[in-house]
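Asks: predicted model follows, preceded by the sequence.
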Amino acid sequence: MDHLLHLDRTLDELDPPRWTPPAPDATRLVRKVHGLRRVPLGRLGPADLHTLVSQQVALPYVLPLVVRRLLEEPLLDAYFYEGDLLLAAVGAPACAWDLLPDLGDRLRTVITALPEAAVSDLPRGAAEELARFVAGPGSSR
């Protein structure tokens, strides 16, 4: 299924069951993630996608949106620093990428095309994380 066909729908609609409202004493992050599940996919910005991927929420729907952004701008600064969305994506569990093998392959191609200087400017450990992802299924992620 092409998850990008559902840009007018929300994660609560696409990824059942709908989440109940967060508890009154929920953290800001929990309230934010709950709120993002009610935003149409096409309206999620880079920072929203970073939050959802980092929290491993509805990855079969979120990762296609992330890869679409990364194909255009691999080192997109979504929230914290240049390349943070890319590192969040490659940090997603292997089982999520197993469901999206073509997208994983496309992202691997983008990563291997990155200039070495750009990779060296990423935070410590990023080059190794990218290399593990590029190595693909079966590597120790």
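Replies: Thanks, I have it.

Asks: can you list the low-confidence ranges for this protein?
Replies: Under the criterion pLDDT under 70, the flagged ranges of the chain are 1-4, 137-141.

Asks: mind running it again at 80?
Replies: 1-5, 137-141 (pLDDT under 80).

Asks: looking at it, which helix is longest?
Replies: When the chain is scanned for its longest helix (criterion: DSSP state H), the result is helix 59-72.

Asks: which parts of that helix are buried?
Replies: For helix 59-72, burial by neighbour count (16 or more other Cβ atoms under 10 Å) applies to 59, 61-67, 69-70. Quick note: C-beta positions are derived from backbone N, CA and C, even for glycine.

Asks: next one: stretch 29-44
Replies: Residues of stretch 29-44 classed as buried by neighbour count (16+ other Cβ under 10 Å): 32-34, 36-37, 41, 44.

Asks: stretch 108-126 too?
Replies: Residues 108, 110-111, 114, 119, 122, 126 are the ones in stretch 108-126 that count as buried (16+ other Cβ under 10 Å).

Asks: then that stretch to PDB, C-alphas only?
Replies: As requested, the backbone C-alpha atoms of stretch 108-126 are provided in PDB (Å, rounded to 0.1, in the frame of the first residue of the first chain):
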ATOM      1  CA  ARG A 108      20.600   4.000   1.500                       C
ATOM      2  CA  THR A 109      21.300   5.400  -2.000                       C
ATOM      3  CA  VAL A 110      20.900   9.000  -0.600                       C
ATOM      4  CA  ILE A 111      23.200   8.200   2.300                       C
ATOM      5  CA  THR A 112      26.000   6.700   0.100                       C
ATOM      6  CA  ALA A 113      25.900   9.900  -2.100                       C
ATOM      7  CA  LEU A 114      26.500  12.200   0.900                       C
ATOM      8  CA  PRO A 115      29.800  14.000   0.700                       C
ATOM      9  CA  GLU A 116      32.300  12.700   3.400                       C
ATOM     10  CA  ALA A 117      32.700  16.300   4.700                       C
ATOM     11  CA  ALA A 118      29.000  16.600   5.400                       C
ATOM     12  CA  VAL A 119      28.900  13.300   7.300                       C
ATOM     13  CA  SER A 120      32.000  14.300   9.300                       C
ATOM     14  CA  ASP A 121      30.100  17.400  10.400                       C
ATOM     15  CA  LEU A 122      27.300  15.300  12.000                       C
ATOM     16  CA  PRO A 123      27.400  14.500  15.700                       C
ATOM     17  CA  ARG A 124      29.800  11.900  17.100                       C
ATOM     18  CA  GLY A 125      28.700   8.400  16.200                       C
ATOM     19  CA  ALA A 126      26.500   9.500  13.300                       C
END
